[in-house]
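# Have a look at this fold, sequence not included:
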């Protein structure tokens, strides 16, 4: 006999995080029909919690990469220019 535990069906996990607005909008790829259909029946407390978690996730995404200290002074305009030498280097393969 097989001693494996019974398989429990789990809903598929999203590949990427999606905002609450995306999950409630049927025109968005991340639309969550189950969440949308149950939204009106959720209590104010439940909705507040979901909204707070969404805001927390958005804030975390916005702050990603901003907390790293660099061992040098970074110029925010450095990414705006490509030197002529870089173009000379890639010209033969274009």
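That came through fine. Only a predicted model underlies this, so the values are computations on that prediction, with no experimental measurement involved. Numbering: from 1, shown residues only.

# Contacts for stretch 39-58 next, please.
17, 19-20, 24 (CB atoms under 8 Å, 6 or more residues apart in numbering). Just so you know, the C-beta spots here come from the backbone N, C-alpha and C atoms, and that holds for glycine as well.

# Quick check: of the residues you listed, which has the highest neighbour count?
Counting neighbours by other CB atoms under 10 Å, residue 20 comes out on top of the contacts of stretch 39-58 with 19 neighbours.

# quick one: contacts for that one?
50-51, 54.

# So which helix or strand of this structure has the lowest pLDDT on average?
Ranked by mean pLDDT, DSSP states H and E, the weakest helix or strand in the chain is helix 84-90, scoring a mean of 84.

# so what's the residue positioned nearest the centre of the chain closest to, chain neighbours aside?
Compute the mean C-alpha point of the chain, and by CA atoms, centre = their mean the closest residue is residue 17, 4.2 Å away. Excluding its sequence neighbours, the residue lying closest to residue 17 (CB to CB, 6 or more residues apart in numbering) is residue 57, at 6.1 Å.

# List the buried residues in the longest helix seen in the chain.
Ranked by number of residues, the top helix in the chain under DSSP state H is helix 44-63. By neighbour count on 16 or more other CB atoms under 10 Å, the buried set for helix 44-63 is 50, 54.

# Now find how far off-centre it is within its chain.
Taking CA atoms, centre = their mean, to the nearest Å, one finds helix 44-63 lying 13 Å from the centre of the chain it belongs to.

# How about stretch 69-78?
Taking CA atoms, centre = their mean, the mean C-alpha location of stretch 69-78 is offset from the chain mean by 26 Å.

# Give me the pLDDT for residue 36.
For residue 36, the pLDDT comes out at 93.

# try residue 30
Per the predicted model, pLDDT is 91 at residue 30.

# mind checking how far it is from residue 51?
Using CB to CB, to the nearest Å, residue 30 is found at 16 Å from residue 51.
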